[in-house]
Each structure stands twice: as structure tokens, then as C-alpha cells.
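**Q** I need the structure of the sequence given here:
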Amino acid sequence: MRKFVLLIFFAGLFSGLSAQTDSVLQYKKTSVMIPMRDGVKLFTIIIAPVSTHGRFPFLIQRTPYGAGGGYLPPDNVSFVPPSRFPFYNMIKEGYIIVLQDIRGKYKSEGTMQIHQPLIHATKKGAVDESTDTWDTIDWLVKNIDGNNGKAGIVGISYPGWLALVGSVDPHPALKASSEQACMGDLFLGDDFHHNGAFRLSYGMEYSYEIEYDKTTDSNFPFPQFDLFDWYRDLGSLKNVNEKYFHNKIPTWNNFVSHPNYDSFWQKNSPLDYVLYPQVPQLHVGGYYDQEDINGPQIMYAHMEKKDSFNRNHIVLGPWNHGQWGREKGDSLGKISFESNTGEWFRDLQKKWFDYWLKGIGDGQFAEAYCFQTGTNQWKTYNSWPPKEAVAKNLYAGPNHSASFNKPVSATGKISYVSDPDNPVPYRMLPIEATYGRGSRWRPWHVEDQRFVYTRPDVVSFSTDTLTEDLTVTGEIRAHLFASTTGTDADWVVKLIDVYPDMDQKNFLMSNYQLAVAMEVFRGRFRKSFSNPQPLTPNKPEEFVFGLHQINHTFKKGHRIMIQVQSTWFPVIDRNPQKFVPNIFEAKAEDFIKAEQTIYFSSQYPTHIELPVMNQ
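**A** From the prediction side, this is the model:
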């Protein structure tokens, strides 16, 4: 969704720019090439108030997707921004908007490779996205008339990562940052891998889009609309280079060369090179973010450890990737949130930057603003996750049951056959190209899970109907006791809110299965993400992994379901289920059927750890 996020910010928003609105300021656009310390020049669009009364701060957004998207008016033409203009609720009162192509993309000079770590502090004379941000701000402050000497940086997705790293060793004029939907660790939990399992459709299509052509974003030329069979027929991942990429996509080559959590991934993680908040940082994420569901939470927690000046804050809402930046946010798919959560956030964002860049307001921001789904209310917390939450275990049980009582039987288990040639789809077919025409990629996290509920290779455990509300706030953790007849396996665990059989509030939502938390874990990494080991056939083992953070109330009259499966295709590549050193180089004969067994006995009590809040 990275490409789409920026395009909806700037596509189709600038028609009718002369239309009258309640804005009191006219703006003018100019384009410049700003020189960096190594001589490379970056294409930059500056949208500044025409007014000579007062001085205004810079609000910077840097991007690999094309500054302005080609939808802005010509240079040196005055216009009144319409209400649909990005950051409208901010710029109508005066901001200088700066949009910049990062080096190596679109109209900027230089070369680009995805998510390169910061190196300027350890390599003399080196340049990176931090130094480019510093040089950009320095040039702006010295060369743009009417500025107040202060700058903020903001972005969603890749621009969110740029906002994060741009605030490392910041220019003195940079006073605030807001990383939004920023990737955290690309092997452990965002974008390209989750717990070591490779995100095939997204990883392949996105790396091609960004790196195939410097001057544009290129969609992979699929020969068909529904890609489920195409990805299955692709076979081993080694066929991607052999048939299509021919070793010309650097990021794909890195996937192949680094199948484990080695120094490449560790140094590439912002956990390694972003240590603490050097300027006030507002992290923003969505519970249903289909691309960077973990990054904002991971980076907030990481930076919070050294936040001695109370500059580190977080906002979590009921959103998919970047939804808060462009939509009302009153719903996602069939799920209603009963208020305009996106508009609420944009008001908060304005207060944030107004305070740090203009001195407006009292600067009293909550540590955490986290929307609570189920009750559909905004909540504030003094810490995140809240310390008041009490761990409570929800156990799988016999006859597809679930309860808060630990199993007492010594023999409880259930088995299913996982077949790589017949994988479980991660959402209802068709599977469109991620960024292609008609794609339903954006809302898939809230899709009704009944489409796989009856498959024989998916097992479910459900509670009785709840007699009172149950609020779960914080990180969900799975403790899965399982075995396989193979020597490797993937485990997908979902925590599902099952609506009433007859939902009186919304009849069409009756028996809906809403996944409020779900995640995958690649079994070979159960002991170490750096040193994978084969599983021992038929040996029960415990697999412990997080299902990410939520703030959700399971309402009275609903049920809670635990669901387990071993394929999630093609968002996750097919595990051969036979251990091989590098799955990217697996052979066709390595892919085997395996019988998977889930245990719910007194010795092996499969459960999900829930952080429960007192009502």
C-alpha cells in the first residue's frame, strides 16, 4: 500500500484549486534542486503562503514515490487550497509544505536501495537519509523567505520511516517528527517477513515496483487477474530469479542471500540505529495495518526505554495502512467504528505540530491515545501497554472448545493434513495484484474468517457465549503446543471475535468472524531466528510468539475463537515442510504433505495469553 498511500495524498486533490474555501491564505508552488553535502541534488517542491504577514514553519514529507504525484499546479501560480488538500486543517492557518524525492528516485539525482541503515555516525563522510534530511532543512531555513526557523517532518509508510530516521542527529531547526506506519524490523515483524516467514506476494511485487525503474513505480506484468494459482504454479522461490527477475532486483537478491536473521537484517533494523527520541516523536499505527502492523509499536517501545524528556508518544487506531491520513475512518470493510476516527486523528496531529512548531497550545499530550474497538471509544493511557492489564490464559480444549480453565486431560489433541499444493488462502479469492486494479488488499485484515472455517486443514476452538464484556488491551501472545510429521512447519494463529448468531444491532453481521489479532511463525526459528533448526518429527514443542497489540472489547453475547492453520497463501510463501537450509533455493521435491497436531492436554496446554482489563 506504500505507493497508494502517497498517491491518495496527492492524486485528484488539486483539481479546482481556485475554488473558494474558508482558507484565508493563498499559496504558491516552486520547484528546486537542493544540493546535498556530496554534491547530489534532490528534487524538492515547496508550497508556501503568499502572505507576507507572519512567519511560518516547514512541514516536510520525503518520499520514494514521486513528490506531489504530478497533480500539483504549475510553479509560481497562486491558488487557494481546497478543503480536500492534504494537511488542509493545518495549512489553512499557515505552514510551508515541503515535498521531496529521496536520492535515486524520480527527479532526484543519486542511487537508491530500499531501507538502507544509517551510517553517517560510524563512517566518515558518509551520506544517508539522516544527513539528507539535515542538509535539506539547512538549505530551507537559509533560502526560503518567511520561515520561522522551525521544521517538522511527517510521513506514512516509507515516508514514515524517512520521518523516523530524519529525526536522528537532527538539524537544530527540526523540532518535531511523526513517523506513521513506519516499518520496524523487516525480518521479525513488518513488510517482508513475520517471525521469519517470508511475505511472498507483497515482498515480490513491492521490490519489483520500487527497484525495476528509477523514474517510476512499475507493477509486475502479471498475465492474469486472480493470482492465487499463478503464485502456486510459480513453484519454488528460486524460479523468481530464474524466470522473471534475472538477479536484477537488489532487494530480492538480499532475500535470497539472507534467509535468516543475520547481521544484514540486524543492522538494517531501526532498532539498531535509532536509539532514543532526539526530538518529540508521535508514533502512529493501525490495528489492521496490512503492511506495517508492528513498526510503530516496536519503535515506540524501543525509544520509550530512553525517553528521559517525555518526548515519545503513540497513537493507535482502527485503521489499515495509512487510513488515518486520508479518510473519515468511520469504518473498515464491514466493521463500523461509529465515529470519524481519521478526522479525530488529524485534529490531534494539528495540535501536535502547532505546539512544537508554532507554540500554540499547552503541550499536554497523553502518553498513548488508543482507540478501543468493540466499544468504539478513544482511550488515553499513562503507559503503553497499560500496566493495569492482568494476564489471563484462554485455553484450547476438546470438541473445538475454548475456555479460561486449564485442560486436565492427559490426551487432548487434534490433527490435520497440511498440503503445500493446496494452501489455505489468506483472504477470499480472487487474489488481485497487491497494487493492481480492483485490489482488495487494503481491508483484508477485517475479512470474515468463515471463508476458511470449514476447511479440514484449519482447526478452531470457541468459547461459550460471553455473559459479560471482556476487554483485552496490550500484546496478545500465543503459546502453541504442536508437532508435525515433517521437519519444518508454519503456524498461523488467530484470535477471533465471533458475533452473535442473531446480531440484533446489525442483522447482516450475524455470526461474523472478525480476526482481532493474527500472526504467523516459521517453526525452524523456534530457538533462534539467526540459527534455524529442523523440527523433530512427531515431537510436541511449544511455539511462543506475539500476535501484535490490540485494544478490543469482546462484547456480551459474542464468543472468542482460537484458530490454527499452517498455510496463509500467497501473503506467506509455502513452507516446504521439509527442512532445507534456504527456502528460497528449495527444489520442487522438497515440498511435502505433513500431518500437524495441535495439543490441548494438561502437559501441552495450547493457549493464548490475553492482557485483560478490569471493567
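**Q** hmm, who's touching the biggest helix by length in the chain?
**A** Counting residues, the longest helix in the chain under DSSP state H turns out to be helix 341-358. The contact list for helix 341-358 (CB atoms under 8 Å, 6 or more residues apart in numbering) reads 57, 59, 89-90, 95, 148, 150-152, 154, 175-176, 178, 280, 282, 284, 315, 317-319, 323-330, 360-363, 365, 369, 371, 378. C-beta: built from backbone N, CA, C; applies to glycine.
**Q** Flag every buried residue along that helix.
**A** Residues of helix 341-358 classed as buried: 341-342, 344-346, 348-358 (neighbour count, 16 or more other CB atoms under 10 Å).
**Q** Stretch 556-569 now?
**A** For stretch 556-569, using 16+ other CB under 10 Å, the buried residues are 557-569.
**Q** same thing with stretch 125-139?
**A** Using 16+ other CB under 10 Å as the test for burial, stretch 125-139 gives 127-139.
**Q** hang on, the earlier thing: past the longest helix of the chain, which element shows up next along the chain?
**A** Counting by DSSP states H and E, the element after helix 341-358 in chain order, helix or strand, is strand 368-372.
**Q** Dump that next one to PDB, keeping only the CA atoms.
**A** Extracted in PDB, the C-alpha atoms of strand 368-372 (Å, rounded to 0.1, in the frame of the first residue of the first chain):
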ATOM      1  CA  ALA A 368      -0.900   6.900  24.400                       C
ATOM      2  CA  TYR A 369      -4.100   7.500  22.500                       C
ATOM      3  CA  CYS A 370      -5.500   4.100  21.600                       C
ATOM      4  CA  PHE A 371      -9.000   3.500  20.100                       C
ATOM      5  CA  GLN A 372     -10.900   0.700  21.700                       C
END
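**Q** where's it relative to the chain centroid, distance-wise?
**A** 17 Å (CA atoms, centre = their mean, to the nearest Å).
**Q** Please state the offset of the longest helix of the chain from the chain centre?
**A** So, by CA atoms, centre = their mean, the centroid of helix 341-358 is 21 Å from its chain's centroid.
**Q** cool, and stretch 127-144?
**A** From the chain centre to the centre of stretch 127-144 is a distance of 27 Å (CA atoms, centre = their mean).
**Q** So what touches that stretch?
**A** By CB under 8 Å, 6+ apart, stretch 127-144 touches 34-38, 40, 42, 44, 46, 48, 58, 60, 62, 96, 98, 100, 102-103, 116-120, 147, 149, 151, 153, 162, 165-171, 173-174.
**Q** Low-confidence regions, the stretch 101-250 of the chain specifically.
**A** 214-216 (pLDDT under 70).
**Q** again with the chain
**A** 1-24, 69-71, 214-216, 615.
**Q** Now name the helix or strand holding the most centrally placed residue in it.
**A** The centroid of the chain falls nearest to Asp292 when counting by CA atoms, centre = their mean (1.2 Å). Under DSSP H and E, no helix or strand contains Asp292.
**Q** now do Tyr416
**A** Applying DSSP H and E, one finds Tyr416 within strand 413-418.
**Q** Same check on Thr136?
**A** If you go by DSSP H and E, Thr136 is part of helix 129-143.
**Q** And for Asn382, the neighbour number?
**A** For Asn382, the neighbour count with other CB atoms under 10 Å is 10.
**Q** And it, how far from Glu388?
**A** Between Asn382 and Glu388 the computed distance is 9 Å (CB to CB, to the nearest Å).
**Q** so who does the residue nearest to Leu470 when sequence neighbours are not counted touch?
**A** Leaving aside its sequence neighbours, Leu470 sits nearest to Phe554 (CB to CB, 6 or more residues apart in numbering; 4.5 Å). By CB under 8 Å, 6+ apart, Phe554 lies in contact with 374, 466, 469-472, 497, 560.
**Q** let's go with 10 Å and repeat that
**A** Applying CB atoms under 10 Å, 6 or more residues apart in numbering to Phe554 gives the contacts 373-374, 463, 466, 468-472, 495-498, 514, 516, 560, 610.
**Q** Weed out the non-buried ones from those residues.
**A** Buried subset of the contacts of Phe554 (neighbour count, 16+ other CB under 10 Å): 373-374, 463, 466, 470-472, 495-498, 514, 516, 560, 610.
**Q** helix, strand or coil for Phe255?
**A** helix (DSSP: H, G, I helix; E, B strand; the rest coil).
**Q** What are the boundaries of the strands in the stretch 301-450 of the chain?
**A** For the stretch 301-450 of the chain, the strands defined by DSSP state E, counting those that start in this stretch occupy 312-317, 331-332, 335-336, 368-372, 377-381, 390-396, 402-403, 413-418.
**Q** mind checking how far Arg437 is from Trp344?
**A** Counting by CB to CB, the gap from Arg437 to Trp344 is 32 Å.
**Q** Also Phe543?
**A** From Phe543 to Trp344 the distance is 38 Å (CB to CB).
**Q** now Asp226
**A** 37 Å.
**Q** Now Gly54: closest residue in space that isn't a chain neighbour?
**A** Gly94 is the one closest to Gly54 (CB to CB, 6+ apart), at 6.5 Å.
**Q** quick one: contacts for that neighbour?
**A** So Gly94 contacts 24-25, 27, 48-49, 51, 53-57, 146, 148, 358 (CB under 10 Å, 6+ apart).
**Q** what separates it from Arg62, distance-wise?
**A** 21 Å.
**Q** Just give the nearest non-adjacent residue to Glu367, would you?
**A** Asn382 (5.5 Å).
**Q** again, but for Ile47
**A** Nearest to Ile47 is Ile97, by CB to CB, 6+ apart, at 4.1 Å.
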